[in-house]
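here's my sequence, what's the structure:
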Amino acid sequence: MKHFIYAFALFVCNVLLAPFGHAQTYPNKPVTIIVPLAPGGISDLTARPLAAALSQVTGQSFIVENKPGAGGAMGAAFAANQKPDGYKLLVALTSMLVIPEAEKVAGKQPSYEVNQFIPIAKVSADPVVLLVKADSPWKTMEDFVKDAKNRPGILSYSSSGLFGAIHVPMEMAAQASGIKLIHVPYQSGGQSMAALLGGQVDVTIQAPGVANPHIKSGKIRALATFGNARTKVLSEIPTLKELGYDVEFYIWASLFTQKGTPQDVVTKLRTIVRQAIDE
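Reported below is the predicted structural model:
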């Protein structure tokens, strides 16, 4: 009888303490942060310093793993199907919300669903910037639009992939201004930026974090931003709304884990991410 009472008491303790066990030990092994795009873009530039800061806060390794393909769909789908225990995280961009819906509209089975993920934290959010090379003939957005209207389907732009955080706002701007451009997709914002710098395309859109170093170096020129108001960093650059185009688009980078991850691990993740960002 004593053995039964002891065993029953141990069982009750385990059941009651189970929800707290994960958080007390998490993370007790290396954590992978999946980036669904190639290195060099805003998702990669967000994930790497975040991983370093999380490693410092927790004393555990946080490792960035790039899984590019299909504008981010392949990496997000991979992340969605990992074990929901907090050890395979995802840094995704605004395009994460667009891709499944775009696949449905195209009559395809979605690579993943947004409800397969739990949001942990929004790490950054900025209006995107429309860019051309500094030696291009376009000094203003009006110059570019006028030329594009005179040569429909001739000028080209690079993106990080179909339905991505460059493709979508560029098509929004093209529709609002009544121009037609050639879309040239790459595997990341970094590759898209390199295509503009190398002269393979005429224009691109980037997050300020990717664009600013090249603007400061004098290699590229910003024609317009997609925010509701001018940014502090690019205060001299007008918004599309100022120029008469009703377009607004922000690129955010956020951290996610899988649906089904224990709530205490989710809470712990949110706590350590806040600490990492604050420090």
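
report the buried residues of stretch 40-57.
Judged by neighbour count (16 or more other Cβ atoms under 10 Å), stretch 40-57 contains these buried residues: 40-48, 50-51, 53-55, 57. Quick note: C-beta positions are derived from backbone N, CA and C, even for glycine.

distance of the residue nearest to the spatial centre of the chain from residue 217?
For the chain, the residue nearest the mean C-alpha position is residue 93 (2.1 Å; Cα atoms, centre = their mean). Between residue 93 and residue 217 the distance is 24 Å, computed by Cβ to Cβ, to the nearest Å.

swap in residue 250?
Distance from residue 250 to residue 217, counting by Cβ to Cβ: 25 Å.

one more: residue 191?
Applying Cβ to Cβ to residue 191 and residue 217 gives a distance of 18 Å.

all helices for the protein, in order.
2-25, 42-58, 73-80, 95-105, 141-150, 167-177, 189-197, 208-216, 263-278 (DSSP state H).

any chance of those helices in TSV, plus mean pLDDT?
Listed next are the helices of the chain as TSV, based on pLDDT from 0 to 100:
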stretch	mean pLDDT
helix 2-25	48
helix 42-58	95
helix 73-80	96
helix 95-105	93
helix 141-150	98
helix 167-177	96
helix 189-197	93
helix 208-216	90
helix 263-278	96
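
out of the ones you listed, which gets nearest to residue 242?
Closest approach to residue 242 among the helices of the chain (Cβ to Cβ): helix 141-150, 9.5 Å.

buried sites along the closest one?
For helix 141-150, by 16+ other Cβ under 10 Å, it's 141, 144-145, 147-148.

which among those gets closest to residue 126?
Closest to residue 126, out of all of the buried residues of helix 141-150 and judged by Cβ to Cβ, is residue 141, at 18.6 Å.

do I have it right that that closest one meets residue 224?
Yes. At 4.5 Å, residue 141 counts as touching residue 224 under the criterion of Cβ atoms under 8 Å.

mind checking the longest strand of this structure?
Counting by DSSP state E, the longest strand found in the chain is strand 117-127.

report the inter-axis angle for it versus helix 208-216.
30 degrees (axes from the mean of the first three to the mean of the last three Cα atoms, to 10 degrees).

ok, back up a step: got any residues that touch both of residue 141 and residue 224?
130, 238, 240, 243 (Cβ atoms under 8 Å, 6 or more residues apart in numbering).

let me have the residues you listed in a markdown table, extended by distance to residue 210.
Formatted as a markdown table, the shared contacts of residue 141 and residue 224 follow (distance: Cβ to Cβ, whole Å):
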| residue | distance to residue 210 |
| --- | --- |
| 130 | 13 |
| 238 | 20 |
| 240 | 19 |
| 243 | 22 |
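
now, these that are in strands?
Using DSSP E, the shared contacts of residue 141 and residue 224 in strands are residue 130.

tell me the one of the shared contacts of residue 141 and residue 224 nearest residue 196?
Among those, residue 130 lies closest to residue 196 (Cβ to Cβ), at 10.8 Å.
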